[in-house]
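Chemist: 3D, please:
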Amino acid sequence: MMTGDGIDKRSGFCALTGIYHSLHELGDRHQIPTRPDLDTATFILSHFPHPVHADSRIALIDSATNRRITYAQLHLSIRSLASGLYHRLGVRKGDVVFLLSPNSILYPTVCLAVLTIGAVFSTANPLNTASEIAKQVRDSGAKLCISTPEELHKLLPTGVPTVVTTRSHSHSFSIEELIEKCDPLQVPNTQLTQSDTAAVLYSSGTTGVSKGVVLTHANFISIATLFKWGVEVSSLQDDVFLCFLPMFHIYGLTFFAMGLLCGNVTIVVMPKFDFRSMLEAIKTHGVNNVPAVPPVILGLVKYASAGGRESELLLSSLKRVGSGAAPLSKELEEGFRRRFPKVELRQGYGLTETCGTGTYFLLDKQAKEHSGSAGTLCPSFCAKVVDVETGKAQPPYGKGEIWLKSPTVMKEYLGNREATAATIDKEGWLHTGDLGYFDADGYLCIVDRIKELIKHNGYQVAPAELEAILLSHPQILDAAVIPVEDEEAGQIPMAYVVRAADSGLTEERVIQFVASQVAPYKKVRRVSFINSIPRSAAGKILRKELRVQTQPLAIAKL
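Modeler: Residues are numbered from 1 along each chain as shown. Here you go, the predicted model:
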């Protein structure tokens with residue numbers, strides 16, 4: 001059935017324009033604000049509980065110390081720190097504040113305080129080397145750095161003024177002290193607009209050089225509106241969420257430092273990820289909602305397979321698990337549902353360039369019926385699927401590059417006009433670099449990154465498909481597939497495999513296992529056993545690191 005403007009109500013596809021439209025409406029209560037003088041912090045704080053309830057509503061819990069912060073305390077801390085940054089440290093509108101810290105209940109306070117005074121924040125992975133950190137500090141143009149005492153040594157060589165997050169024996173002056181001693185009533189009245197830059201976040205660089213993604217207040221306000229809408233329509237208001245996803249990454253940042261706070265949920269924060277600690281946190285705090293990544297979901301399935309009754313007791317409170325940042329295979333999704341039949345599993349899709357969202361499942365019933373897909377377009381989003389050879393927009397089931405358009409789409413890549421022009425076209429479409437298709441019901445299926453497709457004898461082979469098959473083997477703990485140059489075929493698929501201890505698994509057995517389930521051109525031709533698969537903090541396979549390891553093999557063949 002078509003609407004008056006030619007849009008198929010089932011898929012959201014318009015044959016006249018080649019555009020897919022969201023099947024969801026925000027409604028009058030959740031319209032994205034268009035007021036030009038609105039900023040992110042003001043918008044998010046306006047959705048905190050009424051003062052009567054803010055003193056009792058818990059916003060954040062530190063899983064390591066059990067320290068708790070109410071919404072009232074969080075509101076006060078944000079304003080106190082904003083006052084301190086402005087009056088004590090001289091931070092002004094447009095200044096970049098660089099944050100180097102693992103997850104902490106201070107993280108949302110720092111980010112929202114920076115935004116309150118019109119400054120710009122930039123985040124980094126604490127596991128990065130000092131040289132990687134220095135490069136990012138220079139590229140972002142940071143005027144002030146904030147760091148945990150443990151990571152301070154990586155910032156000292158930059159020469160940028162740095163303040164530590166918490167008190168230590170060698171550093172008495174800290175962010176905690178500013179929060180305690182600065183007047184929350186002395187926040188400057190900075191004139192901001194939605195078009196002002198709010199953050200510079202660095203893409204993971206899984207396939208190439210990391211780039212600074214410039215996000216505006218309008219981007220964050222749009223994503224926070226979608227989160228608030230999602231919490232309400234999915235009835236998540238009373239959920240207790242677990243945060244082990246890194247807040248320096250767009251997935252963890254928009255979930256836990258911004259969006260979910262608009263829904264007034266309780267967030268349990270893990271300083272660092274550890275599988276056993278995650279299980280204990282779920283049990284101790286009655287966690288029922290866990291936004292995760294595929295490797296963690298795989299770990300839960302393997303744990304449940306071996307844990308029996310113990311795993312049931314530790315995870316008895318769990319109601320919902322989300323998956324993002326990397327594709328979740330149909331096989332892993334179905335394996336999870338078999339092990340956890342009472343737990344909802346919903347996959348989503350997004351990029352740093354879209355503030356971490358794009359598609360999602362609202363209902364578990366839909367997720368079960370469309371296993372292997374990443375859900376439907378979120379409200380305010382539209383999409384195209386463009387054939388990479390012909391440039392023509394594709395109807396349902398037609399594969400091509402996913403293009404997205406939304407108020408959440410980034411402004412630009414910092415100082416990189418060429419990369420920006422190659423990613424956002426003149427009509428505002430973001431070219432994601434992901435290959436996929438929509439089905440007849442408007443559900444998005446991601447095949448793989450276009451740059452990561454293996455070209456074998458003229459055929460295209462998707463590494464994600466082979467990885468899903470490998471992970472279905474009971475003796476394979478993790479796997480990654482990359483292309484290796486070949487004189488005759490162009491490229492051949494090579495698998496890196498983490499096998500279970502004492503499994504007896506050989507290269508030949510792995511090759512045969514895959515070959516029995518795929519067309520001949522998709523077969524894995526070479527296998528290397530490895531202790532661990534290199535991944536980004538968000539769980540994406542770092543194929544470029546594996547490709548470096550294959551170079552000696554190619555040279556030896558020559």
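
Chemist: any low-confidence regions in the stretch 301-450 of the chain?
Modeler: Within the stretch 301-450 of the chain, the ranges that satisfy pLDDT under 70 run 307-312.

Chemist: repeat the analysis, applying 80 as the threshold.
Modeler: Within the stretch 301-450 of the chain, the segments meeting pLDDT under 80 span 305-314, 325-327, 329, 362-365, 367, 448-450.

Chemist: now the strands for the stretch 451-558 of the chain?
Modeler: 454-456, 459-461, 476-486, 490-499, 526-529 (DSSP state E, counting those that start in this stretch).

Chemist: and if you look at the stretch 1-150 of the chain?
Modeler: Using DSSP E, counting those that start in this stretch, strands in the stretch 1-150 of the chain cover 13-14, 19-21, 58-62, 68-70, 96-100, 120-124, 142-147.

Chemist: repeat for the stretch 201-350 of the chain
Modeler: Using DSSP E, counting those that start in this stretch, strands in the stretch 201-350 of the chain cover 212-216, 240-243, 266-269, 289-292, 320-323, 344-347, 349-350.

Chemist: pick the most buried one from these.
Modeler: strand 349-350 (a mean of 27; mean count of other CB atoms under 10 Å). Where you see a C-beta, it was placed from the backbone N, CA and C, and this is true even at glycine.

Chemist: tabulate the strands of the stretch 201-350 of the chain in JSON lines, adding columns for distance to residue 137.
Modeler: Shown next, in JSON lines, are the strands of the stretch 201-350 of the chain (distance: least, CB to CB, whole Å):
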{"stretch": "strand 212-216", "distance to residue 137": "11"}
{"stretch": "strand 240-243", "distance to residue 137": "26"}
{"stretch": "strand 266-269", "distance to residue 137": "25"}
{"stretch": "strand 289-292", "distance to residue 137": "29"}
{"stretch": "strand 320-323", "distance to residue 137": "32"}
{"stretch": "strand 344-347", "distance to residue 137": "35"}
{"stretch": "strand 349-350", "distance to residue 137": "26"}
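
Chemist: domains in the protein, by residue range?
Modeler: Domain assignment for the chain, taken from automatic domain parsing, gives 1-31+370-452, 34-54+67-214, 453-557.

Chemist: how far does the second one stretch from start to finish?
Modeler: I take that to be domain 34-54+67-214. By CA to CA, to the nearest Å, the extent of domain 34-54+67-214 from end to end equals 20 Å.

Chemist: how far off centre is it?
Modeler: 19 Å (CA atoms, centre = their mean, to the nearest Å).

Chemist: then the shortest one?
Modeler: Centroid separation between domain 453-557 and its chain, computed with CA atoms, centre = their mean, is 25 Å.

Chemist: which among the strands of the stretch 451-558 of the chain is found nearest to residue 261?
Modeler: When the strands of the stretch 451-558 of the chain are compared by CB to CB, strand 476-486 sits nearest residue 261, at 33.5 Å.

Chemist: and that closest one, which strands flank it?
Modeler: Strand 476-486 has the following strand partners under DSSP bridges: strand 490-499 (antiparallel).

Chemist: can you pull the contacts of the residue nearest to residue 302 when sequence neighbours are not counted?
Modeler: Computed as CB to CB, 6 or more residues apart in numbering, the closest residue to residue 302 that is not its neighbour in sequence is residue 477, at 7.1 Å. Residue 477 makes contact with 302, 498-500, according to CB atoms under 8 Å, 6 or more residues apart in numbering.

Chemist: quick one: least confident of the residues you listed?
Modeler: Model confidence across those bottoms out at residue 302, which has 85.

Chemist: now do the contacts for the residue lying closest to residue 120 once chain neighbours are set aside.
Modeler: Take residue 120 and drop its neighbours on the chain: the residue closest to it by CB to CB, 6+ apart is residue 96, 4.8 Å away. Neighbour list for residue 96: 119-122, 140-144, 200 [criterion: CB under 8 Å, 6+ apart].

Chemist: so residue 447: helix, strand or coil?
Modeler: Following DSSP: H, G, I helix; E, B strand; the rest coil, we place residue 447 in the strand state.

Chemist: neighbour-wise, which of the contacts of residue 477 leads?
Modeler: residue 499 (21 neighbours; other CB atoms under 10 Å).

Chemist: and the residue nearest to that residue when sequence neighbours are not counted, what does it touch?
Modeler: Sequence neighbours aside, residue 505 is the residue nearest to residue 499 in space, at 4.5 Å (criterion: CB to CB, 6+ apart). Neighbour list for residue 505: 473, 475-476, 497, 499, 529 [criterion: CB under 8 Å, 6+ apart].

Chemist: of these, buried ones?
Modeler: 473, 476, 497, 499 (16 or more other CB atoms under 10 Å).

Chemist: do you know how far the last one is from residue 523?
Modeler: As defined by CB to CB, to the nearest Å, residue 499 lies at a distance of 19 Å from residue 523.

Chemist: number of residues surrounding the nearest residue to residue 317 once chain neighbours are set aside?
Modeler: Nearest residue to residue 317, sequence neighbours excluded (CB to CB, 6+ apart): residue 286, at 4.6 Å. Burial of residue 286 is recorded as 13 neighbouring residues (other CB under 10 Å).

Chemist: residue 286 and residue 501, how far apart?
Modeler: From residue 286 to residue 501 the distance is 34 Å (CB to CB).

Chemist: can you check residue 403 too?
Modeler: For residue 403, the distance to residue 501 equals 45 Å [CB to CB].

Chemist: neighbour-wise, which of these two wins?
Modeler: Higher neighbour count among residue 403 and residue 501: residue 403, with 23 against 6, using other CB under 10 Å.

Chemist: would that one count as being in a strand?
Modeler: Yes. Under three-state DSSP, residue 403 sits within a strand.

Chemist: surely it is in contact with residue 383?
Modeler: Yes. When contacts are counted by CB atoms under 8 Å, residue 403 is listed as touching residue 383 (6.2 Å).
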